[in-house]
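>>> Compute the structure for the input listed below.
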Amino acid sequence: MPLSVRFRRLTVALLGAGGLAVSAAPSYAYSALYVFGDSLSDAGNVSAVSGGLVPPSPYVGGHFSNGPTWAEDLSLKLGLGQLLPSNEGGTDYAYGYATTSADIPRSSPVPLNLPIPNVEQQVAAYSAQHGNQADAAAIYAVWIGSNDVLNALAGLATGALPADQLVAKLEDAVTSEVRAIGTLVQEGAKHVLVGLLPDLGLTPALNTTAPGAGTAIAQAYNSALEDATGSLFSGIDLKYLDTFGLLQSAVGNPSAYGFTNVTSPCLTASSVCSDPDQHLFWDELHPTAAGHELIADLALRTVSVTTVPLPSGAALFGVAIAVLGTLTTLTRSVRQRQLVS
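Model prediction:
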């Protein structure tokens, strides 16, 4: 293992514990890890349904990155073994390109017209395979919404999504995610990890074109999601994966996390960087394997040791003004790209 990776892990462990030594032993002996979401959590489902064509090289091993996702890392850290995609009989139901069930126009088509289940359909597939009975000893991770937000921003810029429909569409997306979580809880899930959206304004996709809009909408989505889940599911072990705060911290102090580049992607249209472990981002939206490891370490602390502070978010109804103020800049920058988060 490269020394840089060893030092990064040590640094993150210390930061996450506030500089204090903590036990790495989980609070629960989970029986399994079930995962639902998009390409940030896809262990190989899109690769399986595309016959290995998507994502293409130099993406590695069917991941939308240069290595395993945070969910795969977390499974190993919890002592649950290798996390496999559901298409291969595993417990990871996440698909690249996935959205909630909200009717937000995609900014670009899914490659090869692949069948991509939204998060409610992913949960339905799990339910069908398990007789509508969730394992109360398992942990269920749900992380979705980034594609909904990115598609909404692109739709605003191109006119595919009328501005007066923005708030309603994002409310629909939150409602869809809450329904998916609710199905799992109704079927017996007791331990749920809900992924908050990262600060999308800090991703290479938006950090030079519409950082304010990306940040504001992600905050608003997170705030609405926390409000809804916190009130509806107070009787279960519900925790939030604060990737919004983690990304802000890593971009604000990259050296503390072992990175030298937190603003531009390692992979571009013409080349791959020589030092991906030093990059936070693999492409315009996805973390490198090193970035995923940071998320996994945060997830481990969240579900087993510490409570992660939740970011304060703007009210969803107030975000439209901030977003619309960035449309002129965003319109100039929007181009045809695959939003594969």
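>>> Residue 161 and residue 240, how far apart?
28 Å (CB to CB, to the nearest Å). The C-beta positions use only the backbone N, C-alpha and C, and glycine is treated the same way.
>>> So for those two, which residue has more residues nearby?
residue 240 (23 against 20; other CB atoms under 10 Å).
>>> Please name the bridge partners of that one.
residue 194 (DSSP bridges).
>>> would residue 192 count as being in a strand?
Yes: under DSSP: H, G, I helix; E, B strand; the rest coil, residue 192 sits within a strand.
>>> What residues does it make contact with?
139, 140, 141, 142, 181, 184, 185, 233, 236, 237, 238, 239 (CB atoms under 8 Å, 6 or more residues apart in numbering).
>>> Just name the closest of these to residue 116, please.
residue 142 (16.4 Å; CB to CB).
>>> what about the closest one, helix or strand, and which?
For residue 142, the element it lies in under DSSP states H and E is strand 139-143.
>>> Among the contacts of residue 192, name the buried ones.
139, 140, 141, 142, 181, 184, 185, 233, 236, 238, 239 (16 or more other CB atoms under 10 Å).
>>> Disregarding residues adjacent in the polypeptide, which is nearest to the fifth one?
The spatially closest residue to residue 181, leaving aside those adjacent along the chain, is residue 142, at 5.5 Å (CB to CB, 6 or more residues apart in numbering).
>>> Also residue 257?
residue 250 (4.8 Å).
>>> The one you found belongs to a helix?
Yes: counting by three-state DSSP, residue 250 is located in a helix.
>>> Just list the residues touching it, thanks.
Taking CB under 8 Å, 6+ apart as the test, what residue 250 contacts is 257, 259, 262, 280, 291, 294.
>>> switch to 10 Å and redo it
12, 198, 202, 243, 256-259, 262, 280, 287, 291, 294 (CB atoms under 10 Å, 6 or more residues apart in numbering).
>>> can you check residue 139 too?
The contact partners of residue 139, taken as CB under 10 Å, 6+ apart, are 26, 28, 30-35, 74-75, 78, 80, 189-193, 237, 239, 299, 303-304.
>>> What ranges does the stretch 151-300 of the chain have for its helices?
Using DSSP state H, counting those that start in this stretch, the helices of the stretch 151-300 of the chain run over 166-186, 211-232, 243-252, 289-304.
>>> the strands in the chain, which residues?
33-37, 139-143, 191-195, 237-241 (DSSP state E).
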